[in-house]
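# Test case, fold it:
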Amino acid sequence: MRELVMIAFLICNPISASVIGGVMWSREYSASMVKDYYERNYARVCPEYKAASTWDRWFDQNFGLIDWCEDYLDRV
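Below is the predicted model:
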């Protein structure tokens, strides 16, 4: 019972709730910024990725960093 009271206090505590909410907001905001970056830059970055061979995609470090282009190849 004591543990249940402590868990309820931590969940209902405004400081804990604001910290958890802030962390969740920060993660969602960062993810949306990354998606916006991809949307803005796929037309410039992904044609090179599309032209590369499978060998280059697997073993070239630069292509490994832009493997997110897989989702945008249909637009290029």
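
# What's the per-residue pLDDT of Tyr29 here?
On the pLDDT scale, Tyr29 is placed at 83.

# what's the answer for Ala17, then?
67.

# dump the residue contacts of Arg75.
Contacts here follow Cβ atoms under 8 Å, 6 or more residues apart in numbering; on that basis Arg75 touches 42-43, 46. Yep, even glycine has a C-beta here, placed from its N, CA and C like the rest.

# which among the residues you listed end up buried?
42, 46 (16 or more other Cβ atoms under 10 Å).

# Show me the contacts of Arg75 that map onto strands.
Within those, no residue falls in strands by DSSP state E.

# any idea which helix is longest in this protein?
The single longest helix within the chain, with elements called by DSSP state H, is helix 14-51.

# What residues sit buried inside that helix?
38, 42, 45-46, 49.

# quick revisit: could you save the contacts of Arg75 as JSON lines and add columns showing distance to Gly22 and pLDDT?
Output for the contacts of Arg75, formatted as JSON lines (distance: Cβ to Cβ, whole Å; pLDDT from 0 to 100):
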{"residue": "Tyr42", "distance to Gly22": "31", "pLDDT": "92"}
{"residue": "Ala43", "distance to Gly22": "34", "pLDDT": "92"}
{"residue": "Cys46", "distance to Gly22": "34", "pLDDT": "92"}
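
# Let's have the contacts of Arg75 in JSON lines, adding distance to Ile11.
JSON lines is the format used below for these (distance: Cβ to Cβ, whole Å):
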{"residue": "Tyr42", "distance to Ile11": "41"}
{"residue": "Ala43", "distance to Ile11": "45"}
{"residue": "Cys46", "distance to Ile11": "44"}
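
# All good on my end, thank you.
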